[in-house]
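In: everything below, folded, please.
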Amino acid sequence: MPATQKSPVTRFILTLVLFVIATGFVVSTILLGNRPSSSGTTPPASEQTQEVAASGEETTLPPDTPPATTASPESSEPRETTEAPEPREADPGEPSLPERTERLVDTETTPNRGRAGTIAARVQTWAEPSSLGDIVIDGDYRIRVRFTAWGAGIDGVDMANYFIDADAALAVRGGAVDAPHYTFARSSQEFGGVITPALAARGLFLEDGGETKFIDLFSAANPEPNATPSRLPVWRELGPGHFESIVEADGEPLLRLSRRFTLTPGSYEIAVEQLIENLTDRPLTMRLVQYGPSDLDEEFTGYRIDSRRIRFGYITRQDPSRQFIEADGKLFDRSKILKDASRLPGAVKQIWAWPESFKTASELSWIGQTNRYFGFVVHPLIDRDAARLNLQNPEQNPVDKALPLVGRAYARVLGTFVGTGYADLEQVSLALELESAPVTVRAGGTLDLSFGVFAGPLSRRVLDSREEPIYRALNLDGLIIYQIGMCGMCTFQWLGQILFRFLLLLHDYVVFDWALAILVLVLCVRAVIHPITKKSQISMMRFGKQMQRIQPKIKKLQEKYKNDPKALQQEQIRLMREERVNYAGALGCLPLLLQTPIWIALYAMLYFAFELRHQPAFFGLFQTISGNNWLFLSDLSSPDRFIHWGGSFQIPLVGALMGPITSLNVVPLLMGVVFYFHMKYMTPPSTGNLSPEQEQTQKIMRVMMVVMMPVFMYNAPAGLTLYIATSSLFGILESRYIRAHVDKMDLEAPPPVKKPGLKSVRNEAGKQSRNPFAKKRDAETRERFKKRK
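Out: Residues are numbered from 1 along each chain as shown. Predicted coordinates:
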């Protein structure tokens, strides 16, 4: 016990102050830990230097020709199996890649009997590629895939039923048909003159006659000097989504490469049949290099939290059946990779096949990039019926879940290099390069490097649906995580999963509205912790009154032992024990502390739950009464936007915590008012002996609760602020009910003390005693006790 006795009010206030400071520290750590290093914007394409990264020569492209340059395949020396490409050095502990057995497809070919000399892909005439699927709302297809002739890659993926922002979604609900659809995997990301279409073929390492040669499969240099364009396509389209490229040796066919894209109606699945046919009379060893899933766009609503990551799924060494896929938990943050690789121009970082990062991994099953709401993932091509049988009994119905397309994976940072580092990490792009293991293809044989692609929302209704057995068999729902920042435990992912499933249950079967589901969740949580809340508040009020009762005795002790702090502490402990006052009764913050993990888990869940994206509150009531002109609570995953003014600004000093201000958000402000009254009811009665310093501390605490919490939560998702405000409001009503109950209790009376004596043993249950002499013995005991008295 300290020498100077503090009142229960002061102790309660100090506890709350520490709680608010800790909450602010956690929130700021979470937010700032994911913030990019700077806040620049991507310059327009016209202001960027168009150049071929391999040679540094300027490239002048006509406006009517898509500006495409290869990401310098010629600049890389032939990469041997045991070495990583420049500027990497091979890790001595890196396991060598095994020689894979080729998957052959029966074909009829006329072998070319000449040995390779000058090897290059045949130049094709430029033609605008077609597309697959459509973007008709609620149509047969969920996506539209647009292609490019550069590397036979994907120019963009458009979502049919999802839109670029809440304004567009609101317009569609109002009947608009021309709202901008959400698009990702765009190949228009031009950084340093390099364009990387998603899944585009980059090149082929061919081993022939003891030499390793690199064949450019992205594009070919124009043989005419100073010609426009400087690069020419090497793929031709045979049909919608079907491309072919011929590799020649001294003008004679050497290899035929074929890529056929197929969409499944009502699905986000893209099947890519990729074949390499050996047209010679001798075996050839080759390694295919292609781009992987492209860099996805950021999706900021409120806080600038860059949640883009590179994700992996792999078969573990502990699984001999090779049927169970584990999703990585390391979460390779895009910003972390950019910072690590930003020291060198054209930096390349190997991200797969490092034993230090994946100690339990055996083979890669899928790899992809994700942002806040969408994922772009490459996975093995599996038959739907086979996947369904595999889910029923994996051991009896095994399927090959390894991805033969990838032996190694690299992250290449593309950007305009200035001085000794990248001027701005937001002005760079992250491209994945997938390199297959070396495979020897027999004469006239065909190598099958087909793969599947998921390009869609990170929704459990999609990835964990019975209608999508492929995704369930590959454990693609492991892409969905509710984690903000570097610490998974800090955001209570397991609790976020439980909260989401409960909210989904309420929405789908009870209230059919996400905002109402959140309110019902508040009632359920309050009901669960009500016994603890009631006991805590009663104990806190009893402690306050008991301290008032013994305050004169404490003052006498302080006067008596004012020069002996140790004796004062011992006497105060003795007094508290004699008066039966327990400091544990001052723990009135326990219910608030118990709800803190729920708030944190709910924050992460509401931020990442795709199901809440662009979902209005209360059946879109505010939009209905305004003719779809009012954005208030039109998106529970973003701030409430009571008044939206379009532009943005930041408040000095607190801008890092609040983020950019784009609207007047009233729910956080109302939350501060509710917090004030909630604290008023939660504060224990004053002892009547507060010093001026203690009174000032109490006022500061109220200001902190009223001001700081709205600052922390100003740009938080509307669903979260709605939850906290409603929970605090119900907390006020609960406190009034508890106080009405407490008024009927005698809080100052200490617990009754039992008198010393013999303990009477009785059978209160009314059942027959097992001992037939128990009744007589009890009667004799009571008789002796009466005689003693």
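In: could you count how many residues lie near Leu653?
Out: 8 (other Cβ atoms under 10 Å). Backbone N, C-alpha and C define where each C-beta goes, glycine included.
In: start at 88, not 1
Out: With the count now opening at 88, the last piece we talked about shows up as Leu740.
In: so it sits in a helix?
Out: No: counting by DSSP: H, G, I helix; E, B strand; the rest coil, Leu740 is not part of a helix but coil.
In: may I have stretch 599-610 exported as CSV, CA atoms only?
Out: Provided in CSV are the C-alpha atoms of stretch 599-610 (Å, rounded to 0.1, in the frame of the first residue of the first chain):
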residue,chain,number,x,y,z
PHE,A,599,-31.5,-10.5,-43.3
ASP,A,600,-29.7,-7.2,-42.8
TRP,A,601,-26.0,-6.8,-41.7
ALA,A,602,-26.6,-3.7,-39.5
LEU,A,603,-29.5,-5.5,-37.7
ALA,A,604,-27.2,-8.6,-37.4
ILE,A,605,-24.6,-6.4,-35.7
LEU,A,606,-27.2,-5.0,-33.2
VAL,A,607,-28.3,-8.6,-32.4
LEU,A,608,-24.7,-9.5,-31.9
VAL,A,609,-24.4,-6.6,-29.4
LEU,A,610,-27.4,-8.0,-27.4
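In: what's near enough to touch the residue nearest to Ala414 when sequence neighbours are not counted?
Out: In this structure, Ala414 finds its nearest non-sequential neighbour in Gly565, 2.5 Å apart by Cβ to Cβ, 6 or more residues apart in numbering. Contacts here follow Cβ atoms under 8 Å, 6 or more residues apart in numbering; on that basis Gly565 touches 398, 400, 412-414.
In: tell me the buried residues in the helix or strand harbouring Ser815?
Out: Ser815 belongs to helix 805-829 when assigned by DSSP states H and E. Under the neighbour-count criterion of 16 or more other Cβ atoms under 10 Å, helix 805-829 has 805-819, 821-822, 825, 829 buried.
In: do stretch 654-670 as well
Out: 655, 658-659, 662-663, 668.
In: again, but for stretch 372-381
Out: Buried residues in stretch 372-381 (16+ other Cβ under 10 Å): 373-381.
In: wait, Leu304 touches Ala236, no?
Out: No: Leu304 is beyond contact range of Ala236, at 11.8 Å (criterion: Cβ atoms under 8 Å).
In: overlap in contacts of these two?
Out: Contacts common to Leu304 and Ala236, judged by Cβ under 8 Å, 6+ apart, are Trp322.
In: I'd like the mean pLDDT over stretch 449-458, please.
Out: Mean per-residue pLDDT for stretch 449-458: 92.
In: again, but for stretch 814-828
Out: Stretch 814-828 shows a mean pLDDT of 86.
In: could you count how many residues lie near Arg404?
Out: That count, for Arg404 with other Cβ under 10 Å as the rule, works out to 12.
In: my bad, should have said Ala474
Out: 19.
In: next: Leu536.
Out: Counted with other Cβ under 10 Å, the neighbours of Leu536 add up to 24.
In: what's across from the nearest residue to it once chain neighbours are set aside in the sheet?
Out: Spatial nearest neighbour of Leu536, chain neighbours left out: Gln361 (4.7 Å); criterion: Cβ to Cβ, 6+ apart. Residues in a beta bridge with Gln361, per DSSP bridges, are Arg346.
In: thought Gln361 was touching Thr349?
Out: No: using Cβ under 8 Å, Gln361 is not in contact with Thr349, being 11.8 Å away.
In: of the two, who's got more company?
Out: Comparing Gln361 with Thr349 by other Cβ under 10 Å, the one with more neighbours is Gln361, at 22 against 15.
In: all strands of the stretch 438-587 of the chain, in order?
Out: Secondary structure of the stretch 438-587 of the chain (DSSP state E, counting those that start in this stretch): strands at 448-457, 461-466, 495-502, 504-505, 508-509, 515-522, 526-528, 533-535, 538-544.
In: tally of neighbours for Asp472?
Out: With other Cβ under 10 Å as criterion, Asp472 counts 10.
In: confidence score at it?
Out: 94.
In: what do you get for Lys647?
Out: Confidence for Lys647, expressed as pLDDT, is 87.
In: residues contacting it?
Out: Per Cβ under 8 Å, 6+ apart, neighbours of Lys647: Glu658.
In: packing partners of the helix or strand containing Val259?
Out: Using DSSP H and E, Val259 falls within helix 253-260. The criterion is 3 or more Cβ pairs under 8 Å, 6 or more residues apart in numbering; DSSP states H and E, and the helices and strands that helix 253-260 contacts are strand 240-250.
In: what residues of the strand it packs on count as buried?
Out: Buried positions in strand 240-250, judged by neighbour count with 16+ other Cβ under 10 Å: 240-250.
In: do stretch 357-373 as well
Out: 357-367, 371, 373.
In: out of these, which two sit at the greatest distance?
Out: Ile357 and Thr367 (31.4 Å; Cβ to Cβ).
In: if we can go back for a sec, okay, the buried residues of strand 240-250 in JSON lines with distance to Asp865 next?
Out: Shown next, in JSON lines, are the buried residues of strand 240-250 (distance: Cβ to Cβ, whole Å):
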{"residue": "Gly240", "distance to Asp865": "92"}
{"residue": "Ile241", "distance to Asp865": "88"}
{"residue": "Asp242", "distance to Asp865": "92"}
{"residue": "Gly243", "distance to Asp865": "89"}
{"residue": "Val244", "distance to Asp865": "84"}
{"residue": "Asp245", "distance to Asp865": "86"}
{"residue": "Met246", "distance to Asp865": "80"}
{"residue": "Ala247", "distance to Asp865": "82"}
{"residue": "Asn248", "distance to Asp865": "78"}
{"residue": "Tyr249", "distance to Asp865": "77"}
{"residue": "Phe250", "distance to Asp865": "80"}
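In: relative to Gln584, which of those residues is nearest.
Out: Ranked by distance to Gln584 (Cβ to Cβ), the buried residues of strand 240-250 are led by Tyr249 at 23.1 Å.
In: which of the helices or strands spans the nearest residue to that closest one once chain neighbours are set aside?
Out: Excluding its sequence neighbours, the residue lying closest to Tyr249 (Cβ to Cβ, 6+ apart) is Tyr269, at 4.5 Å. If you go by DSSP H and E, Tyr269 is part of strand 268-271.
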